[in-house]
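*Asks:* need the 3D shape of this:
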Amino acid sequence: MTSPLNPLLSTSGPLVSRHDVLLVDLDGVVYVGANPVRHAVEVLGQARSGGSRVGYVTNNARRTPEEVAAHLREFGLEVVDDDVVTSAQAGARLVASLVPVGSAVLAIGGPGVSAALIERGLRPVMTDSEAPQAVMQGYGPDVSWHDLAEGTYAVARGVPFIATNLDLSVPTPRGIAPGNGALVAVIVAVTGVTPLVAGKPESPLMLESIERLAAASPLVIGDRLDTDIEAGSRLGLPSLLVLTGVTGVADLVAAPAHQRPTYVSEDLRGLLEEQPLVEVLPGGAVQCRQARVRVGERGLDVEQGGTDPIDLLRAVAVACWTRADRGEEIDAHRVATDFAAVHAPLAR
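*Replies:* Numbers count the residues shown, from 1 in each chain. Just a heads-up that it's a prediction; the model follows:
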């Protein structure tokens with residue numbers, strides 16, 4: 001159920017019961033660094049036991065699906081290799097649509113890049129002197145100046161250029177580091193050629209996942225508005241935003257229409273719960289169960305805080321989106337500050 005101005009949907013039972021396949025992002029959803037996200041293992045195990053297939057969909061092309069699956073099993077998850085779909089696999093499908101089977105393809109990035117090309121009957125090479133007929137670039141921490149130079153030589157010759165993803169940064173134990181998008185930008189800057197992109201928010205990775213996982217009614221699950229949620233939006237797929245990764249209150253309330261999730265939950269436990277109705281009331285207030293708010297020029301006015309901070313956040317988000325859709329300004333940081341005064345732990 002939803003009102004014309006309200007993009008958040010409600011369910012009459014557990015959210016997971018509405019979907020045959022869960023398309024789950026990894027970093028910030030299943031794990032953060034070397035540690036599983038709280039509740040993730042238990043919830044995904046219950047979803048799988050209840051009949052849902054859990055697919056793990058990642059923009060990171062560094063590792064092969066086998067390596068990713070082995071890592072997830074270390075957390076106690078029941079995962080087979082085919083449950084994992086990477087942007088390298090989606091990128092390799094793009095390459096295979098552009099060059100003949102058996103073609104040499106310059107592979108830049110980690111082992112997952114070459115493995116995906118081989119799976120598609122293509123031959124990964126390391127230098128332009130081997131006459132590659134395409135270039136595929138994915139993330140790898142050991143990518144060097146020489147690798148980028150070889151890619152530049154090949155792209156400058158006019159061969160197809162495919163990037164697995166354009167994430168500008170990657171999290172590391174020491175902080176944020178350059179991601180594949182930053183390295184792709186080097187070749188783009190030198191050659192002036194814009195690559196075809198496979199990863200989220202572009203559609204190839206999601207389409208690859210839907211096909212490989214035989215999804216009829218998938219749910220996209222992620223922690224990033226500009227990749228996971230937008231990827232679902234582009235294909236008209238419902239999405240669940242979890243707040244265990246990078247998205248905070250200010251990000252959510254300022255989200256443009258194409259980056260707004262269908263559902264919001266603190267973590268993956270939202271899959272096992274009924275999603276509540278969020279109503280835009282006559283007069284402009286927005287209510288979600290016991291939480292009722294207004295958003296105006298002076299920021300957030302909490303008329304009723306309710307008992308669940310996520311209900312309050314749902315109401316605040318819809319109030320902000322409704323105001324923005326009318327062309328009225330939103331001070332997202334002020335709203336987040338006002339929210340923090342009520343529920344500080346969520347106001348990141």
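
*Asks:* report the contact partners of Val125.
*Replies:* By Cβ atoms under 8 Å, 6 or more residues apart in numbering, Val125 lies in contact with Ala104, Val105, Leu106, Ala107, Pro132. Where C-beta positions appear, they are placed from N, C-alpha and C, glycine not excepted.

*Asks:* just Leu122 next, same as before
*Replies:* Shown in contact with Leu122 (Cβ under 8 Å, 6+ apart): Ala92, Val95, Ala96, Val99, Val101, Gly102, Ser103, Ala104, Val105.

*Asks:* neighbours around the first one, how many?
*Replies:* Ala92 is surrounded by 32 other residues when neighbours are defined as other Cβ atoms under 10 Å.

*Asks:* swap in the last one?
*Replies:* Using other Cβ under 10 Å as the criterion, Val105 is surrounded by 30 other residues.

*Asks:* can I assume it is in contact with Gly138?
*Replies:* No: look at Val105 against Gly138 with Cβ atoms under 8 Å: they stay out of range, at 11.7 Å.

*Asks:* how far away is the residue of the chain positioned farthest from its centre from Met136?
*Replies:* Largest separation from the mean C-alpha position in the chain: Ser129, at 36.4 Å (Cα atoms, centre = their mean). Noted for Ser129: a distance of 18 Å to Met136, by Cβ to Cβ, to the nearest Å.

*Asks:* Ala131 against Ser103, yeah?
*Replies:* No: counting by Cβ under 8 Å, Ser103 is not a contact partner of Ala131; they are 9.6 Å apart.

*Asks:* more neighbours: which of these two?
*Replies:* Relative neighbour count places Ser103 above the other of Ala131 and Ser103, with 20 against 13, counting by other Cβ under 10 Å.

*Asks:* how about that one, nearest residue that isn't a chain neighbour?
*Replies:* The shortest distance from Ser103 to any non-neighbouring residue, by Cβ to Cβ, 6 or more residues apart in numbering, is to Gln133 (4.4 Å).

*Asks:* now do the same contact list for that neighbour.
*Replies:* Applying Cβ under 8 Å, 6+ apart to Gln133 gives the contacts Val99, Pro100, Ser103, Ala104, Val105, Val159, Pro160.

*Asks:* do the same with Thr64
*Replies:* Thr86, Pro111, Gly112, Ala115, Ala116 are the contacts of Thr64 under Cβ under 8 Å, 6+ apart.

*Asks:* for those residues, which one is nearest Glu78?
*Replies:* Thr86 (19.4 Å; Cβ to Cβ).

*Asks:* how's this structure carved up into domains?
*Replies:* Using automatic domain parsing, the domain parsing of the chain gives 15-84+202-268, 88-197, 278-346.

*Asks:* how far away from the center of its chain is the second one?
*Replies:* Which is domain 88-197. Computed by Cα atoms, centre = their mean, to the nearest Å, the separation of domain 88-197 from the middle of its chain amounts to 21 Å.

*Asks:* and what of the first one?
*Replies:* The chain centroid and the centroid of domain 15-84+202-268 are separated by 7 Å under Cα atoms, centre = their mean.

*Asks:* pLDDT (mean, whole number) over it?
*Replies:* Mean pLDDT, computed over domain 15-84+202-268, is 96.

*Asks:* between the two ends of it, how far is it?
*Replies:* End-to-end span of domain 15-84+202-268 (Cα to Cα, to the nearest Å): 11 Å.

*Asks:* before we move on, what about the second one?
*Replies:* With Cα to Cα as the measure, domain 88-197 spans 10 Å from end to end.

*Asks:* which parts of the helix or strand containing Glu67 are buried?
*Replies:* Using DSSP states H and E, the element containing Glu67 is helix 65-74. Buried positions in helix 65-74, judged by neighbour count with 16 or more other Cβ atoms under 10 Å: Pro65, Glu67, Val68, Ala69, His71, Leu72.

*Asks:* ok, now how distant is the residue nearest to the fifth one when sequence neighbours are not counted from Val246?
*Replies:* Read it as His71. In space, and not counting its chain neighbours, His71 is closest to Arg63: 7.7 Å by Cβ to Cβ, 6+ apart. According to Cβ to Cβ, Arg63 and Val246 sit 21 Å apart.

*Asks:* out of the two, which sits in the busier spot?
*Replies:* Arg63 (21 against 17).
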